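A.B. asks: Sharing a model prediction with you, sequence too.
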Amino acid sequence: MITKTNPEEFESYLSDASNYKGHCTGVVFPATTAEVSAVLIDANRTAAMVTIAGNGTGLTGGRCPEGGILLSMERMNHILEIDTEHGCVITEAGVTLLGLQDALTEMHYFFPPDPTEQLCYIGGTIATNASGAKSFSYGPVRNFVLGLEVVLPSGEILWIERGQYFASGYRLKLPGTEMDEILLPKYEMPGVKNAAGYYIRENMDAVELFIGSEGTLGVITKAKLRILPLPEKTISCVAFFTEESTALHFIDITRERAKNNNVLSARALEFFDSRSLNFLRPTYNRIPALAQAAVWFEQECSGADEELLLDRWLELLNISGVTGEHIWYAADAGDLQEIREFRHAISYKVNEFITARGFKKLGTDTAVPVQYFGEFLTCIKSMVEQAGIAYVAYGHYGDCHVHLNMLPENEQQFVQAKNLYREICALSVSYGGTVSAEHGIGKAKREYLEMMYGKDAVNQMKNLKLQFDPNNLLNVGNLFL
Ligand SMILES: Cc1cc2nc3c(=O)[nH]c(=O)nc-3n(C[C@H](O)[C@H](O)[C@H](O)COP(=O)(O)OP(=O)(O)OC[C@H]3O[C@@H](n4cnc5c(N)ncnc54)[C@H](O)[C@@H]3O)c2cc1C
């Protein structure tokens, strides 16, 4: 197995896109499930901590080790089978989302989850239960996982399919492993899009437990995923509004229609505030001078209903006061891609800004119930404005999920911003929301997990982890200490 022990050779594996930084003694690069198993067996023998590294696009420091060794998934990068007859694919965990989508496109299929960042590994997206733009209609990665191969912290190899093993109440037996019956925690998850903490339900399917568990319960080595035929056509449009309130109202109407099976049914419904547009203006001179907010939506359609749907969208945009150069419509595949890149650019540029100044990312990942979303937004924006800290607010507003990224200019502002971040998380929780809707907790957000679920629930989560990993060696520091 390839191993790197020279720090200069593995420096780039110690951080992720949040600019969180870790340290370790070496990096191993297994190429097979058996090699992953051997690493874990050896780690138990030598009491070495092991942290799993995907491609480092995570935004919470999850792959950044706090000692021990790093296990990179980059050599497990093969797509094993694309089965269009049954609508599924079997892939190793180190395949990039881009690689998977390219292979599927050739066969006129796609994998719907779209965390905008295409370089993440499939294993990383499952470990964090990623979602992104299209989750407005498709939901998170969880909805597309049919089966998993997992190497448990003991080194045992488990293959489980959805629908195969279920908990009895809050007790779960994993046949074929030496594990005793597992006692699951009992707590209520919020009724919003959520990626914070273990996914727990009474009588739950065993597969669900590993999705979003941030590598704390095992190494995902292979996955069987549900795929869908590519839509014949996709309507994609960025609408620029001269007032933020009108853009938010447009989102409310569009969300309502999609939920009520209206003919206008967006699969992506994304928002940019005026500050986000200003941030993007140097790169995108097509942003109209008067634009104060923008909404990007996509809808799948066929050649037969495209014209009708376009007319309906245009009608709705016109009613909302959006006309002429304020409509950026994708006329072909190239435009479609350009619009997606426009959406990705805002997240990417924020990370660039933060990294250039040496700070860690301070971007909210909160989602709250729809009836509180407007109130919540007004409140958090005024908190940050009153503190005089620059920010941009954008994200998955269709899901009432906002990324308010603070852009501190100096250390004093960074400390202030961190305090505000905590207050924003507390506010989200007080509205029945989450502290993380899609990025997970990792290391950067672990203090907020207890804020959300309480001490007792977090202790139950720790107990779950120790049942899987009695020596506490795998992905230590993710979710909790
Ligand atoms: C510009 C930008 C925009 C983004 N936008 C979105 C978005 O819209 N929505 C969204 O959901 N995410 C978004 N992300 C976050 C990111 O893409 C995801 O978190 C991604 O799914 C992580 O994949 P990775 O391979 O990079 O994992 P890493 O960052 O390497 O690791 C993430 C976590 O998963 C664990 N892990 C990795 N592989 C495995 C495995 N095989 N088995 C078990 N555990 C494992 C790691 O230990 C770590 O805890 C964005 C990121 C960037 C940089």
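C.D. replies: Sure, I can see it. Numbers count the residues shown, from 1 in each chain.
A.B. asks: List of residues touching the lowest-mean-pLDDT helix or strand in the chain?
C.D. replies: Sorted by mean pLDDT, DSSP states H and E, the helices and strands of the chain end with strand 2-4, the least confident at a mean of 91. Applying CB atoms under 8 Å, 6 or more residues apart in numbering, the contact partners of strand 2-4 are 10, 26-29, 31, 75. Placement of C-beta: from N, CA and C, glycine included.
A.B. asks: residues of the helix or strand following that strand that come out buried?
C.D. replies: Elements were assigned by DSSP states H and E; along the chain past strand 2-4, the next helix or strand is helix 7-10. Across helix 7-10, burial judged by 16 or more other CB atoms under 10 Å covers residue 10.
A.B. asks: Direction included, what does the next helix-or-strand element following helix 7-10 pair against?
C.D. replies: Once the chain leaves helix 7-10, the next helix or strand it forms, by DSSP H and E, is strand 26-29. Strand 26-29 has the following strand partners under DSSP bridges: strand 2-4 (antiparallel), strand 69-72 (parallel).
A.B. asks: ok, which residues in this structure are in contact with the ligand?
C.D. replies: Residues of the chain found near the ligand (CB under 6 Å from any ligand atom) are 16-17, 51-59, 62-63, 73, 93, 115-117, 120-121, 123-125, 127-128, 130-132, 214-215, 219-220, 347-348, 351, 438-439, 442, 475, 478.
A.B. asks: surely residue 224 meets residue 144?
C.D. replies: No - the criterion here is CB atoms under 8 Å, and residue 224 misses it with residue 144 at 9.8 Å.
A.B. asks: Now intersect the residues of the chain next to the ligand with the helices, please.
C.D. replies: If you go by DSSP state H, the residues of the chain next to the ligand have 123-125, 127-128, 347-348, 351 in helices.
A.B. asks: Identify the spatial nearest neighbour of the residue most central in space within the chain, chain neighbours not counted.
C.D. replies: Centroid-nearest residue in the chain, with CA atoms, centre = their mean: residue 130, separated by 2.8 Å. Using CB to CB, 6 or more residues apart in numbering and skipping the chain neighbours, the partner closest in space to residue 130 is residue 115 (4.1 Å).
A.B. asks: Run a quick neighbour tally on the nearest residue to residue 213 once chain neighbours are set aside.
C.D. replies: Sequence neighbours aside, residue 198 is the residue nearest to residue 213 in space, at 5.8 Å (criterion: CB to CB, 6+ apart). Residue 198 sits with 24 neighbouring residues when counted by other CB atoms under 10 Å.
A.B. asks: ok, back up a step: what about the least confident helix or strand of the chain, distance to the chain center?
C.D. replies: For strand 2-4, the separation from the chain centroid amounts to 29 Å (computed by CA atoms, centre = their mean, to the nearest Å).
A.B. asks: go on, stretch 233-249?
C.D. replies: Taking CA atoms, centre = their mean, one finds the center of stretch 233-249 at 23 Å from the center of the full chain.
A.B. asks: Show me which residues of that stretch are buried.
C.D. replies: Those buried within stretch 233-249 under the rule 16+ other CB under 10 Å are 233-241, 244, 246-248.
A.B. asks: now stretch 33-48
C.D. replies: 33, 35-40, 43-44, 48.
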